[in-house]
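> build me a structure from this.
(chains A and B)
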2 protein chains.
Amino acid sequence: MSAHEPTSITETIRQIGRQARAAGRELTRSATGARNAALEAMAVRIEANAGAIAAANAEDLEAAREAGLDPALIDRMELNEARIQGMADGLREIAALPDPVGAVRDLASRPSGIQVGRMRTPIGVIGIIYESRPNVTADAAGLCLKSGNAAILRGGSEAIRSNRAIAEQIRGGLEDAGLPADGVQVIATTDRDAVGALIQMPESVDVVVPRGGKGLVERIAREARVPVIKHLEGVCHVYVDSDADPGKAVAIAVNAKTQRLGTCNTMETLLVAEPAAERVLPEIGRQLAEAGIEVRGCARTQGLVADAVPASEDDWATEYLGPILAVRVVDGFDAAAEHIERYGSGHTEAIVTESYSRAQRFLREVDASSVMVNASTRFADGQEYGLGAEIGISTDKLHARGPVGLEGLTTEKYIVLGDGHIRS
Amino acid sequence: MSAHEPTSITETIRQIGRQARAAGRELTRSATGARNAALEAMAVRIEANAGAIAAANAEDLEAAREAGLDPALIDRMELNEARIQGMADGLREIAALPDPVGAVRDLASRPSGIQVGRMRTPIGVIGIIYESRPNVTADAAGLCLKSGNAAILRGGSEAIRSNRAIAEQIRGGLEDAGLPADGVQVIATTDRDAVGALIQMPESVDVVVPRGGKGLVERIAREARVPVIKHLEGVCHVYVDSDADPGKAVAIAVNAKTQRLGTCNTMETLLVAEPAAERVLPEIGRQLAEAGIEVRGCARTQGLVADAVPASEDDWATEYLGPILAVRVVDGFDAAAEHIERYGSGHTEAIVTESYSRAQRFLREVDASSVMVNASTRFADGQEYGLGAEIGISTDKLHARGPVGLEGLTTEKYIVLGDGHIRS
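Model prediction:
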């Protein structure tokens, strides 16, 4: 034991923070090639050590079953062969993305003679707090490294053996490429105070990204003393306008709800303009019933959708993440916009319309991280948008909004190029 | 009195917040022409009511003198004819800037067939907290309005009559253009709890910008529950590299310190590489002495600058905002970079060098809102960078970094254009 052994969890986390800051400095300076080589080395090591990772994961699963954890949570924890290969593939995909660091835009001459532009740079140190899925360890580490940041990862305590096993490969990959292993650190304690310490040290952590349920995210947003990139929930709407094409309306409404039930960009409330309701709601209701979706509707909806049950006030504000849809017939565009503003979570909102003016108004006026015309809310996704992998989706307004890829993990500084220029 | 008369300062501020949110919705939808017309109408009203503004200001000045306030603060409070005209001119300059709202970039087709791009939008409601200068009321209102945001302004209590008089013209100008007067609200109480309430209502305020001394900004950063765009201080450096051109080095060092003493982009510490010290320091010392600047130097500096007094550890971390300069001779680039990282405030850092490699390293590796090669730190300014007026300079890393103009008061959302596209 050293004389400097940390005496408390707070001191342990502070030490991790200092190590991250030092490693972050090296990563900021590192060449694109070195970071890509590290990503490839990580992938190779994960493939080569798939057995060790699976064994650690088996221990976590065993402990989780003994502790009687929720089977859905245990399912998310599991690292089968395909998921382990998926981590390696994901790291190689990140390596193949363009390097955002160092890009300069808008460099232009000013009347004084100086040239002014903006250079993209890493943020520094990023803390990621997540729940049961251990594969986030590899994804998050890869995105932070590619964007030149050091990462401090704090996964769910129930997956700690899996996370440690993955981290060992990640850190080995960094060293293989001549980069500091402390570029990625996993907090290897289950002490809950570790999170509190991590989110309250602005001197060592520049931003935290909580990924998990609403309870976790709310707690972190409330207690953090560093900036947080987050999304709380996705109460997403599709509004079928009076000028909607009925075929597009039915296809989009059904897809937005049923293509996957448990994702944050799944539609949770369908709004239909009264003049369109008779044309589209019976068919939407039929297809939703086929897909096993329960409809909770307003009075007008109940007149058009067989088996619809009455919706309560709470239904308009609920993210079901399951086989239930709230449906409301509204008078028109303004009523729909008001409903979305009142009950929406600022995640993803879509209009189905052939009206040029209402499409333009919707795009401009609806305040959400993604606004869509004649497309399913399910498209709100980093891969679909062409960002590559994403660290999460932000419903915050500042810095990063919507799917957050490599760009959201960087910032820009001004650069000024002179030749002895002074200000007069 | 109405039955709904607020019962406490917190309720008063909440009511202001609700009014701002409603007005912000209207401003988001407003046409560029209407916002520009409002800015022009404000300018006309300020000119027409210059007498009333001056009279209100005279009352503030009288009260401030009676209260024995610092003469420098009283000077900043004063609205003479030129400063009142300056407010009107400033509003017209803001009207002439391009409208950032609604701009779409990077709209491109994705393999799925959807088009994805990013649209610039107002943030919503912006709180500005400032100290004695009442002309900030007009500048901040103009920038927030131009960028489609509602503003809640809280000026120094010692200038409250001046701020109310200016606000009356601003709100009249909004109404002249058919926009809601509540687009700009001035908190017309001197109750200190008003600030506490303002920075803790994320439901009504999207971001606050504190403008003032370090004490005010630190308090707000610590207590805010909404995002803050801020800068704490400007401990800016010029590093004269071993390969510096001596003429450029002397001109830049002297300009960066003496062109204006009290601004945040003024150099506070000069670093000189040992090989260059004999060539440049005696002449820099001579010119600084002529300008009445006290030099506090390391031992090597004291050997080269007549009258230099010893620098203490504290000097390296001090923002003097006055006629003092800390000077340190360092071994070379790495020592300079370490010094800047340790003592700098992330504001503006400059290198003077003819070395291509060290210029590139400085631009890339130094972590500050502005990094410069062969130019005076005094250029770090919204007007000099071509942003037009600025709401402040941010040393935060996220969202807005460096001079914050109209773009920093906006955000971007993703827009998706489909034609009935669904996700498969």
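> show me which residues of the stretch 51-200 of chain A sit near chain B.
For the stretch 51-200 of chain A, the residues in contact with chain B (CB under 8 Å from any CB of the partner chain) are A:102, A:108, A:110, A:112, A:114, A:116, A:119, A:121, A:123-124. Heads up, the C-betas are built off the backbone N, CA and C, glycines and all.
> can I see the domain layout of chain A?
Here the domain parsing of chain A from automatic domain parsing is A:9-229+A:403-415, A:236-384.
> need the ones you listed in TSV with mean neighbour count and mean pLDDT, can you?
Below are those laid out as TSV (neighbours: other CB atoms under 10 Å in any protein chain shown; pLDDT from 0 to 100):
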stretch	mean neighbour count	mean pLDDT
domain A:9-229+A:403-415	20	95
domain A:236-384	21	97
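> what's the closest of these to residue B:314?
With respect to residue B:314, and counting by CB to CB, the nearest of those is domain A:9-229+A:403-415 at 19.1 Å.
> span of the closest one from start to end?
One end of domain A:9-229+A:403-415 sits 40 Å from the other (CA to CA, to the nearest Å).
> quick one: distance of it to the chain centre.
Relative to the centre of its chain, domain A:9-229+A:403-415 is centred 13 Å away, using CA atoms, centre = their mean, to the nearest Å.
> list the contacts of the closest residue to chain B within the stretch 251-400 of chain A.
Nearest residue of the stretch 251-400 of chain A to chain B, counting by CB to the nearest CB: residue A:375, 2.9 Å away. Shown in contact with residue A:375 (CB atoms under 8 Å, 6 or more residues apart in numbering or on different chains): A:252, A:350, B:114, B:416-418, B:420-422.
> distance check, it against residue A:261.
The gap separating residue A:375 from residue A:261 is 19 Å, by CB to CB, to the nearest Å.
> same check, this time on residue A:390
Applying CB to CB, the value for residue A:390 to residue A:261 is 20 Å.
> again with residue A:27
39 Å.
> one more: residue A:371?
23 Å.
> cool, residue A:419 as well?
Residue A:419 is 61 Å from residue A:261, by CB to CB.
> quickly run through the sheet partners of the lengthiest strand in chain A, with directions.
With secondary structure taken from DSSP state E, chain A has its longest strand at strand A:410-421. With DSSP bridges as the test, strand A:410-421 is paired with strand A:115-122 (antiparallel), strand B:370-375 (parallel).
> how far off centre is that strand?
Centroid separation for strand A:410-421 versus its chain: 32 Å, with CA atoms, centre = their mean.
> check contacts around the residue nearest to residue A:199 when sequence neighbours are not counted.
Closest residue to residue A:199 in three dimensions, ignoring its sequence neighbours and counting by CB to CB, 6 or more residues apart in numbering or on different chains: residue A:224, at 4.2 Å. The neighbours of residue A:224, taking CB under 8 Å, 6+ apart as the test, are A:199-200, A:208.
> could I have the helix or strand harbouring residue A:303 exported to PDB, CA atoms only?
Per DSSP states H and E, residue A:303 falls inside helix A:299-304. Taking C-alpha atoms only, helix A:299-304 is exported to PDB below (Å, rounded to 0.1, in the frame of the first residue of the first chain):
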ATOM      1  CA  ALA A 299     -64.700  10.700 -27.300                       C
ATOM      2  CA  ARG A 300     -64.400  11.300 -31.100                       C
ATOM      3  CA  THR A 301     -61.700   8.600 -31.400                       C
ATOM      4  CA  GLN A 302     -63.900   6.200 -29.600                       C
ATOM      5  CA  GLY A 303     -66.600   6.800 -32.300                       C
ATOM      6  CA  LEU A 304     -64.200   5.800 -35.000                       C
END
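> need the contact list for the residue nearest to residue A:122 when sequence neighbours are not counted.
Distances taken as CB to CB, 6+ apart place residue A:148 nearest to residue A:122, at 3.4 Å, with adjacent residues excluded. Taking CB under 8 Å, 6+ apart, we find residue A:148 in contact with A:27-28, A:30, A:35, A:101, A:121-122, A:410.
> same thing but 10 Å
Contacts for residue A:148 (CB atoms under 10 Å, 6 or more residues apart in numbering or on different chains) come out as A:24, A:26-30, A:32, A:35, A:99-102, A:120-124, A:183, A:406, A:409-410.
> can you check residue A:197 too?
Residue A:197 neighbours (CB under 10 Å, 6+ apart): A:8-14, A:16-17, A:187, A:191, A:205.
> residue ranges of the helices in the stretch 151-300 of chain A, please?
Here the stretch 151-300 of chain A has its helices, by DSSP state H, counting those that start in this stretch, at A:160-176, A:193-198, A:214-223, A:246-258, A:274-290, A:299-304.
> so stretch A:231-243, near chain B or not?
No - using CB under 10 Å from any CB of the partner chain, stretch A:231-243 never reaches chain B; the gap is at least 11.1 Å.
> for that stretch, how far is the first residue from the last?
32 Å.
> ok, back up a step: got CSV for the contacts of residue A:197, with secondary structure too?
Compiled in CSV, the contacts of residue A:197 are given as follows (DSSP: H, G, I helix; E, B strand; the rest coil):
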residue, secondary structure
A:8, coil
A:9, helix
A:10, helix
A:11, helix
A:12, helix
A:13, helix
A:14, helix
A:16, helix
A:17, helix
A:187, coil
A:191, coil
A:205, coil
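> nearest to chain B, of those residues?
Distances from chain B to the contacts of residue A:197, taken by CB to the nearest CB, are shortest for residue A:205, at 11.4 Å.
> ok, back up a step: quick one: closest of the helices of the stretch 151-300 of chain A to residue B:290.
helix A:193-198 (51.9 Å).
> wouldn't residue A:280 be in contact with residue A:249 here?
Yes - using CB atoms under 10 Å, residue A:280 is in contact with residue A:249, at 4.7 Å.
> which neighbours do the two share?
Contacts common to residue A:280 and residue A:249, judged by CB under 10 Å, 6+ apart, are A:240, A:270, A:272-273, A:352.
> pick out the most distant pair among those residues.
Farthest pair in those, by CB to CB: A:270 and A:273, 11.3 Å.
> overlap in contacts of these two?
With CB under 10 Å, 6+ apart, residue A:270 and residue A:273 have common neighbours A:239-240, A:249, A:280, A:329.
> need these in TSV (columns: distance to residue A:167).
TSV is the format used below for the shared contacts of residue A:270 and residue A:273 (distance: CB to CB, whole Å):
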residue	distance to residue A:167
A:239	45
A:240	48
A:249	48
A:280	51
A:329	52
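> out of those residues, who's nearest residue A:212?
residue A:239 (29.6 Å).
> the closest one contacts residue A:273, doesn't it?
Yes - Residue A:239 lies in contact with residue A:273 (CB under 10 Å); the separation is 7.6 Å.
> thinking again about what came up before, of the shared contacts of residue A:270 and residue A:273, which is the nearest to residue B:140?
Checking the shared contacts of residue A:270 and residue A:273 against residue B:140 with CB to CB, the nearest one is residue A:239 at 35.7 Å.
> ok so, going back, please convert the helices of the stretch 151-300 of chain A to JSON lines, extending it with distance to residue A:323.
Formatted as JSON lines, these follow (distance: least, CB to CB, whole Å):
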{"stretch": "helix A:160-176", "distance to residue A:323": "30"}
{"stretch": "helix A:193-198", "distance to residue A:323": "33"}
{"stretch": "helix A:214-223", "distance to residue A:323": "20"}
{"stretch": "helix A:246-258", "distance to residue A:323": "9"}
{"stretch": "helix A:274-290", "distance to residue A:323": "9"}
{"stretch": "helix A:299-304", "distance to residue A:323": "17"}
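> closest one to residue B:325 among the ones you listed?
It is, among the helices of the stretch 151-300 of chain A and with distance given as CB to CB, helix A:193-198, at 39.0 Å.
> would you put the C-alpha positions of that closest one in PDB?
C-alpha atoms of helix A:193-198 as PDB (Å, rounded to 0.1, in the frame of the first residue of the first chain):
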ATOM      1  CA  ASP A 193     -21.500   7.700  -3.700                       C
ATOM      2  CA  ALA A 194     -19.200   7.300  -6.600                       C
ATOM      3  CA  VAL A 195     -21.700   8.900  -9.000                       C
ATOM      4  CA  GLY A 196     -22.300  11.800  -6.600                       C
ATOM      5  CA  ALA A 197     -18.600  12.500  -6.600                       C
ATOM      6  CA  LEU A 198     -18.200  12.100 -10.300                       C
END
